[in-house]
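Student: everything below, folded, please.
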Amino acid sequence: MHLTLRFIFITCVIIWDLCLCINTEAEAHDDFIASVLTELSQLQNQFVSSERYYREKLATVEEKLHQTENLQIFYQDKVAEIENLLQASKETEISYKKKLEHVEDLLDQTEQRLTNAERTIQTLISTNKQPYNNANNNLIIEQTDASYQTGPVESTISAPYRNKSLTTFQHKRQDSIDTRISRNINNNLQIAFSSYISHHLEHLQTQQTIPFDEIIVNEGNAYDTSTFKFTCPISGVYVFQSALMAQRYKYIQTEIVKESLTLVRMYAATDTTTSRFDQGFNSVITRCNAGEKVWVRVVESWGTDIRSSRFTTFSGYLLWQL
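Tutor: Numbering: from 1, shown residues only. Predicted structure coming up:
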């Protein structure tokens, strides 16, 4: 009996200890689970925050990519526009090159025609240098005398001449004939010049005389290459001509003057958007007294640069003597 009670007591103690261990382990297990749940909650909060952050970053990146795509499209359009402009510029350049070649051909043809004309003038001048024929003079005089001997001409003579002697009247007719013959002889005076500038001109001043320093022809030596002015050797009616070409992207205006008085003006201006040249030309017929000077100058301050290459010229010649 005593042993039985003791066994029961020991058994109860063991069961109690086991119950205590089980409770302790349960409590420890509950604490572990609570700790794990706390850490999981913290990790979840961190994950949610990280997810929100990276979503915002991703949205920003997507927006940047969208902007980049728009910029790419914009610059592609710009590149296409520039390529179209370059293509148009190339076509325009080709067109203007053809036009320039055409103009150069025309200028070459014009220069050739001028050369041929100068040769023709030289030939005519050489032909007109033949000695004066007195027999022809006598023929003119005889024919003129015969014309005065006709009735209708005598009927038109005024009364004062009819009252004078026949000898006096014949002397007057002879003087008139001699005057006309003398005028015909003087009309064969060879006065002509043609000049051009030998190099391009820059920085021309207001009303500066254009220095036409190269001579093509100078019959009568009336054009002076030191002053670049033509001096009329005799009184008469003269023709003066001038052409000028403006430099690329420039303009120029000049004038032909006689004793500082403007006769005519020339103007040339190139297009600033192209590579074309422009040439101006003018001519004038004017009466000049012996000793008067004619030259070409810049109009006030209208331009400073002129192109040479025989595109800028100054010429003149005598039509007839007065």
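Student: what segments of this protein are strands?
Tutor: Secondary structure of the chain, counting by DSSP state E: strands at 192-196, 214-219, 223-224, 229-231, 236-246, 251-258, 261-269, 278-288, 293-298, 306-307, 313-321.
Student: each with direction, which strands does the third one pair with?
Tutor: Think strand 223-224. According to DSSP bridges, the neighbouring strands of strand 223-224, each with its direction, are strand 229-231 (antiparallel).
Student: on that earlier part again, let me have the strands of the chain in a markdown table, extended by distance to residue 38, mean pLDDT and mean neighbour count.
Tutor: Bear in mind the C-beta positions are built from the backbone N, C-alpha and C, glycine included. A markdown table is the format used below for those (distance: least, CB to CB, whole Å; pLDDT from 0 to 100; neighbours: other CB atoms under 10 Å):
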| stretch | distance to residue 38 | mean pLDDT | mean neighbour count |
| --- | --- | --- | --- |
| strand 192-196 | 106 | 96 | 22 |
| strand 214-219 | 108 | 95 | 16 |
| strand 223-224 | 116 | 95 | 20 |
| strand 229-231 | 113 | 96 | 21 |
| strand 236-246 | 93 | 94 | 21 |
| strand 251-258 | 91 | 92 | 22 |
| strand 261-269 | 91 | 91 | 17 |
| strand 278-288 | 93 | 93 | 16 |
| strand 293-298 | 100 | 94 | 22 |
| strand 306-307 | 95 | 88 | 24 |
| strand 313-321 | 106 | 95 | 19 |
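Student: next, count neighbours for residue 38.
Tutor: Using other CB atoms under 10 Å, residue 38 has 10 other residues around it.
Student: relative to residue 51, how far out is it?
Tutor: Summarising the geometry, the distance separating residue 38 from residue 51, computed by CB to CB, to the nearest Å, is 20 Å.
Student: find the nearest non-adjacent residue to residue 238, please.
Tutor: For residue 238, the nearest residue in space outside its immediate sequence neighbours is residue 288; the separation is 5.1 Å by CB to CB, 6 or more residues apart in numbering.
Student: how far does stretch 243-256 sit from its chain's centre?
Tutor: Stretch 243-256 sits 10 Å away from the centroid of its parent chain (CA atoms, centre = their mean, to the nearest Å).
Student: alright, that wraps it up for me.
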